[in-house]
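Student: Fold the following.
(2 chains)
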Amino acid sequence: MARAQDAHGTLRALAKYGEAILEAHLRNGNRVPDSDDNLGLIETLEHHRLVWRIGESEDLQLKKVLVQFLDHITESERRRYASAQVHILWQQLSELFQEYKEAKKRSALSDIDRLEGEIKECLADVIEDIRNATDAFATYINTGFAYITDLNLRIRENERVIERAGRLITLFESFRIRELAEQAGSDAFLKRLLLRHLPATLESSQKNLSYALNQLRKMLVRMREDQRLSRMVGAFEAHFINNRGFEPAIDHLDLRHVPEFLNTVAPFQIKGFGDIYDSSDDLELIEIAAKARTVPVEIEDEPIPDDVNTVNFDVAGETEVEDDDPVEEAIEELIKLVVDGALGERTILASEALTSTGLGIDKADWLQAIVSEIESLPDGDQRHIEVVYHQIPHRVYPDNVMVSDLTLRHSNAG
Amino acid sequence: MSSPLFERTVTALLQERVICEVSDDELYNYLLLPGNQDAVNRFLGQINRTLRQTSAHDAFVCAYLDTSDADTKEAIRHQFRDVANNLEAFVQFLRLVMMLEANDRPILPGDKLSEGAILDRIAAAPALESKLRSLAEKKVFHTKRADSAGQIRAVLSSLEKMGYLKPVGTSGSLFRATGRWSWLYDAMTFIQTHEGIQGSDEADSEQMRLH
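Tutor: Numbering: from 1, shown residues only, chains lettered A, B, ... in the order given. Predicted coordinates:
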């Protein structure tokens, strides 16, 4: 009783998780990914001993008994071995025709009836199996053997499938439909099967099979190239690990043996001038030139508004504090020193005064600023200061002089 | 009468671009037609250049016709030096992606790379974090960022700048591999042969013979 209950439980579990199990069987190479989403499914399948796995980190695999059952219900087993099945059926068919011929010779009517029925059934099976066999190859192409993760195994499986497709093509080519059709006698249905349905199925299957074979071969070439690249990356990785700091030696490359596709060019600029010599390009060039201007348009060009909404006047008595200018302060101090007579009879060089201030101003600017400040002094003060210009006439324009320094001293003239 | 596609194609080729379906589909389709290939080749031939395809036939490049000139030789050497100097970093990147994808096959033109997906997988496999860190220390991918997200971004944007990846959409986090990978594999194949670097299976069989 307990056994029956277990069996019921297993069947219920299969029904409950039917979709996920089928997905694993048909699209995932019978593997059940070990993820949180599959927690319930995995627990149930483990409970009913329908999955196995080697390591904890590996995905679970459906057990053989379940896979066989799934093969049976999805007919994938039949498809997989359809080519062998077609071969067996074809032999059966040939034997049936032989018997049919014998029966007709002896005029054994009941046998003729029975054999006609059997031939029809057998032929229908052949047609069905031919279709199944070719459909199976389409599945391989669609999945690209993605359910096999290891590239080597995938290549091996691809090679096996190509071999199987090749065998099937040879088998199809060996069918002698005409010969069988001649033996079909007067049965219209049998003739229709042999002369119309079977050749049509064969023709479309052969066409599909040739296409599949071509695709499978392309896939195989691609996989082998992937394998080569993968091995090459692995080889370089190992080489870099074993030879620290390795760099391929480029300097001794013999460029006579560089493959052409590796001999790529250095950048080569293609530039030309705008054709200012052809008047037909003038308009276009003018437009380009106008847009090429980088200096902003003069402010005077901006339209001046005729009136304004409001005008703000300065508030009476309002003052704005300006930052002190250290250069101006230093010059004022220097001039005050000279005007007040604090230097006595001594003189002061403007360049030395600049050095003592530590200001980063250019010497020419400094001298110019001193002269401007002195010129802006009231006459009374100006009379108390004497300026000696250190100057030489300009080499090219002798009327001009080049001032290199100023000597300042207090003057008693005032 | 000049043809815009011809001009764009020739200019791109002379600018050292690798033309493939991902990087410039319009120019690539233009070059697929034998008549257009002839026209481009006739033009390039006059300036000592020619049109070539990578060995996987998925990208076009411009090559020198005659390599005997010293400047030409130096230009070719320069190209190789670029590959040689950064080869270790590229190999590490390829290996990392193969590990992340749990796939035996390296990146191929057209493959999609998602910054988010890479980050998710690295978060799920902390052992790969150290590989990413080591990659981010390489000169070609160098970044000061210490977090995985910043390092992945730095690596992917370096590859984009070098023309190995092309962004898809506007997110800036999804890329497609270009035909430049095919050129790199050709260069690697050449270096492997030239330097006598044995593949893992060849090395194994060598070991077998020794024992």
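Student: Got the confidence number for A:Val258?
Tutor: Note on A:Val258: pLDDT of 65.
Student: those strands in the stretch 51-200 of chain A, which residues are they?
Tutor: With DSSP state E, counting those that start in this stretch as the criterion, the stretch 51-200 of chain A has strands at A:51-52, A:60-62.
Student: err, the stretch 301-414 of chain A, not the other one
Tutor: Along the stretch 301-414 of chain A, the segments classed as strands by DSSP E, counting those that start in this stretch run A:347-349, A:385-393, A:401-410.
Student: thinking again about what came up before, so which of the strands of the stretch 51-200 of chain A comes closest to A:Lys363?
Tutor: Among those, the nearest to A:Lys363 by C-beta to C-beta is strand A:60-62 (88.5 Å). Using the backbone N, CA and C atoms, a C-beta is placed for each residue, glycine as well.
Student: still on that earlier bit, just say which of the strands of the stretch 301-414 of chain A is most tucked in.
Tutor: strand A:401-410 (a mean of 16; mean count of other C-beta atoms under 10 Å in any protein chain shown).
Student: Give the partner strands of that one in its sheet and their orientations.
Tutor: strand A:347-349 (antiparallel), strand A:385-393 (antiparallel) (DSSP bridges).
Student: in chain B, which ranges drop under the pLDDT threshold?
Tutor: B:1-2, B:199-211 (pLDDT under 70).
Student: Tell me which helix or strand the spatially most central residue of chain B sits in.
Tutor: When C-alpha atoms, centre = their mean is applied to chain B, the residue found nearest the centroid is B:Trp181 (2.8 Å). Using DSSP states H and E, B:Trp181 sits within helix B:180-195.
Student: Longest helix in the chain, please.
Tutor: Going with chain A. helix A:198-242 (DSSP state H).
Student: My question was about chain B, not that one.
Tutor: From DSSP H, the single longest helix across chain B is helix B:70-101.
Student: That one packs against which elements?
Tutor: The contact analysis (3 or more C-beta pairs under 8 Å, 6 or more residues apart in numbering or on different chains; DSSP states H and E) places helix B:70-101 against helix A:198-242, strand B:59-64, helix B:115-124, helix B:127-136, helix B:180-195.
Student: Of the ones you listed, which stretch is the most buried?
Tutor: Greatest burial across the helices and strands packed on helix B:70-101, using mean count of other C-beta under 10 Å, falls to strand B:59-64, with a mean of 25.
Student: now what about that strand, what contacts it?
Tutor: A:260-265, B:13-14, B:16, B:18-20, B:28, B:31, B:44, B:48-54, B:72, B:75-76, B:109, B:178-180, B:182-183 (C-beta atoms under 8 Å, 6 or more residues apart in numbering or on different chains).
Student: Report the inter-axis angle for that strand versus helix B:70-101.
Tutor: Between strand B:59-64 and helix B:70-101, the angle comes out at 160 degrees (axes from the mean of the first three to the mean of the last three C-alpha atoms, to 10 degrees).
Student: Run the angle between strand B:59-64 and helix B:180-195 for me.
Tutor: Using the same axes, to 10 degrees: strand B:59-64 against helix B:180-195 is 50 degrees.
Student: CA atoms only: put strand B:59-64 into CSV for me.
Tutor: What follows is strand B:59-64, C-alpha atoms only, in CSV (Å, rounded to 0.1, in the frame of the first residue of the first chain):
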residue,chain,number,x,y,z
ALA,B,59,36.1,42.9,-41.1
PHE,B,60,37.9,45.1,-43.6
VAL,B,61,41.2,46.9,-43.0
CYS,B,62,43.6,48.9,-45.1
ALA,B,63,47.1,47.5,-45.6
TYR,B,64,50.3,48.7,-47.3
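Student: what about stretch B:181-200 and chain A, any contact?
Tutor: Yes. Using C-beta under 8 Å from any C-beta of the partner chain, stretch B:181-200 reaches chain A at B:183, B:185-192, B:194-195, B:197-200.
Student: Skipping adjacent residues, who's closest to A:Leu202 in space?
Tutor: A:Phe172 (5.8 Å; C-beta to C-beta, 6 or more residues apart in numbering or on different chains).
Student: thinking again about what came up before, so what angle separates the directions of the helix holding B:Trp181 and helix A:198-242?
Tutor: Going by the same axes, to 10 degrees, helix B:180-195 makes 60 degrees with helix A:198-242.
Student: what about helix B:180-195, distance to the chain center?
Tutor: Its chain's C-alpha centre and that of helix B:180-195 lie 10 Å apart, by C-alpha atoms, centre = their mean, to the nearest Å.
Student: same check, this time on stretch A:16-25
Tutor: That offset, for stretch A:16-25, works out to 34 Å (C-alpha atoms, centre = their mean).
Student: List the residues that contact B:Asn48.
Tutor: B:64-66, B:69, B:72.
Student: Which of the residues you listed ranks first by neighbour count?
Tutor: Top of the contacts of B:Asn48 by neighbour number is B:Tyr64, holding 25 neighbours under the definition other C-beta atoms under 10 Å in any protein chain shown.
Student: do you know how far it is from B:Ile47?
Tutor: Using C-beta to C-beta, to the nearest Å, one gets 10 Å for the distance from B:Tyr64 to B:Ile47.
Student: Grab the nearest non-local neighbour of A:Gly144.
Tutor: A:Met219 (6.5 Å).
Student: For A:Tyr140, see how far away that neighbour is.
Tutor: 8 Å.
Student: Next, show the common contact partners of those two.
Tutor: Joint contacts of A:Met219 and A:Tyr140 (C-beta under 8 Å, 6+ apart) are A:Asn158.
Student: quick one on the thing from earlier: quick one: residues in contact with the helix holding B:Trp181.
Tutor: Counting by C-beta under 8 Å, 6+ apart, A:229, A:232-233, A:235-236, A:248-249, A:253, A:258-259, A:261-262, A:264, B:18, B:20, B:23, B:54-56, B:58-59, B:61, B:80, B:83-84, B:87, B:90, B:106-109, B:162-164, B:197, B:199 sit against helix B:180-195.
Student: what secondary structure does A:Ala13 sit in?
Tutor: Here A:Ala13 is recorded as helix under DSSP: H, G, I helix; E, B strand; the rest coil.
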